[in-house]
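*Asks:* pasting the sequence and the predicted coordinates here, then a few questions.
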Amino acid sequence: MSHLDDLDEYEAELELGLKKEYQAVFGLFRYCVLTQDATYLCNKLDLQYVPQPSYPFFHVKMEDVWVWDKNRPSRIIPRAEVYTSGDVTVEELRGEGDEPHLTAETLAERIGEPLSTDDDL
């Protein structure tokens, strides 16, 4: 097997792991935000349209964010801001006041990792 085959297999494993994680965490978030560069899941969203003479401009602020990126060691971050003149698609996954259907324990079971306790620290 060549090094390129090994690299392709490694990339495929990362992509599969990312897809499984996305399916596991999807229910924890209120919004799905799609830009030309990335996909985000978040619970708090502020989308500002800033008119420009020649093109539209969007400023997206998110809190409690999961980022679709297989190369990140941690995909969950507290805040993210995106500035773009490209398309932004926002999907509301659940209404305000609706609680997520997943708990931390259920999430840990779905991704196959034990939930850490204070004793583990």
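*Replies:* Received the coordinates, thanks.
*Asks:* pull out the buried positions in stretch 65-82.
*Replies:* In terms of neighbour count (16 or more other C-beta atoms under 10 Å), stretch 65-82 has its buried residues at 65-68, 75, 80, 82. C-betas here are computed from N, CA, C, even on glycine.
*Asks:* let's test this: mean pLDDT of it, rounded?
*Replies:* For stretch 65-82, the mean pLDDT works out to 88.
*Asks:* ends of it, what's the gap?
*Replies:* Criterion C-alpha to C-alpha, to the nearest Å; first-to-last residue distance in stretch 65-82 is 12 Å.
*Asks:* what do you get for stretch 70-88?
*Replies:* 21 Å.
*Asks:* looking at the buried residues of stretch 65-82, which two lie furthest apart in space?
*Replies:* R75 and V82 (15.4 Å; C-beta to C-beta).
*Asks:* sketch out the low-pLDDT regions of the protein for me.
*Replies:* 1, 97, 99-121 (pLDDT under 70).
*Asks:* can you name the next helix or strand after the longest helix along it?
*Replies:* Assignment by DSSP state H gives helix 3-25 as the longest helix of the chain. With elements assigned by DSSP states H and E, the helix or strand that comes after helix 3-25 is strand 31-35.
*Asks:* got a list of contacts for that next one?
*Replies:* Residues from elsewhere that reach strand 31-35, judged by C-beta atoms under 8 Å, 6 or more residues apart in numbering: 26, 39-43, 45, 60, 62, 82, 84, 86-93.
*Asks:* now do the strands in the protein.
*Replies:* 31-35, 39-51, 56-67, 76-84, 88-92 (DSSP state E).
*Asks:* how about those in TSV, adding distance to L14?
*Replies:* As requested, the strands of the chain are exported to TSV (distance: least, C-beta to C-beta, whole Å):
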stretch	distance to L14
strand 31-35	20
strand 39-51	15
strand 56-67	14
strand 76-84	17
strand 88-92	25
